[in-house]
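1. what would the 3D arrangement of this be:
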Amino acid sequence: MLKKTILIENKFSITAKYNQLVLKSEIRESSIPIEDIGFLVLDHNEIYLSIPAMNLLVENNTAIVICGKNHLPNGMLLNLNSHHIQQEIFKNQIEASLPLKKQLWQQTIIEKIRNQGFLLEKITDSKNSFAFLAGKVLSGDSTNMEGVAAQQYWKYFPQPHLEFDGIKRERYGDYPNNFLNYGYAILRAATARALSGSGLLNTLGIHHKSKYNAFALADDIMEPFRPIVDEKVFEIMQRFEEQELNTAIKTELLEILTRTVYFKDEKSPLMTALQKTASSLQQCFTGSRKKIKYPSLWSSTDIE
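-> From the prediction side, this is the model:
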């Protein structure tokens, strides 16, 4: 069953009763089965969330995302005991060899560059050299083709309503960086949730390394999926003149979680696909697979 994403932007009291999440404001009260919720996004300073409700949400592998003053996701709460052989999986992940991690990162960057190239071709209606760049990626991306591709990608990324193309990509930059950052934060939360559900340790990445980053593995595995956010932001820029995040735009960005992606023999919502990808990574660490199972972000008819 496809899980729901709940966005709370007003003063609410959130409690639990009979495995239902009870949402109570000054004017109304409603409830929803906790087992139906995949993501709970909290974006208001006066939200009360009870500890029993929090525990039930986490036990059901719901990702609780907390937004800061800038309305961007700022923190996340995940289940740390979501797999029955958690310790064994941690051991395999920790002991993964450097050649394996380099090979997995090479595959990840190839997928990312291919997806960037297809999206850029789709929205500019012109050919590009991204397939060539993807073919130049070495083990561990030792020549940083990811950076080369990113420079070209953002240079030619179109901006509707403006006389020039190109986006200066900055974490705290001007519009449309705020839209991109919100979308990436939601994608990161969804990836972290899927990895946690497969028993993997988000702190231990295959490439990203920082003593300050608790979600290094999510940052690694989300890379090929970023063009989903980029495509959605491009669509939003075409349809909305607003340059600040509002409820309508945040709702649009949250829709990426249910966007359809395509595996060889099936299609599934992104939320479900991330679980398949995470499970395949776990199998790579145990030695039962050689490659991560990444989906195609577009159907074969789109690509043709």
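
2. show me where the stretch 201-304 of the chain has helices.
-> Under the criterion DSSP state H, counting those that start in this stretch, the stretch 201-304 of the chain contains helices at 216-221, 226-239, 247-254, 270-286, 300-303.

3. quick one: mean pLDDT for the shortest one?
-> Across helix 300-303, the average pLDDT comes to 68.

4. check the fourth one too.
-> Helix 270-286 shows an average pLDDT of 95 in the prediction.

5. report the buried residues of it.
-> Using 16 or more other CB atoms under 10 Å as the test for burial, helix 270-286 gives 270-285. For every residue, glycine as well, the C-beta is placed using N, CA and C.

6. chain neighbours aside, what residue packs nearest to residue 26?
-> residue 11 (7.1 Å; CB to CB, 6 or more residues apart in numbering).

7. any weak-confidence spans in the chain?
-> For the chain, residues meeting the criterion pLDDT under 70 lie at 1, 82-85, 160-166, 212, 302-304.

8. burial count for the residue nearest to residue 26?
-> Residues within reach of residue 11, counting by other CB atoms under 10 Å, total 13.

9. my guess is it meets residue 25, correct?
-> Yes. Assessed by CB atoms under 8 Å, residue 11 is found in contact with residue 25 at 6.4 Å.

10. per the record, what domains does the protein have?
-> 4-77, 85-302 (the TED database).

11. tell me where the stretch 101-250 of the chain has strands.
-> Assigned by DSSP state E, counting those that start in this stretch, the stretch 101-250 of the chain shows no strands.

12. report how many residues lie close to the residue nearest to residue 19 when sequence neighbours are not counted.
-> Once flanking residues are discounted, residue 19 sits nearest to residue 34: 5.5 Å by CB to CB, 6+ apart. If you count neighbours by other CB under 10 Å, residue 34 ends up with 18.

13. quick check: closest non-adjacent residue to residue 255.
-> Distance criterion CB to CB, 6+ apart; nearest residue to residue 255, sequence neighbours excluded, is residue 232 at 7.3 Å.

14. please name the residues that touch the one you found.
-> Contacts for residue 232 were tallied using CB atoms under 8 Å, 6 or more residues apart in numbering; they are 183, 252-253, 255-256, 259.
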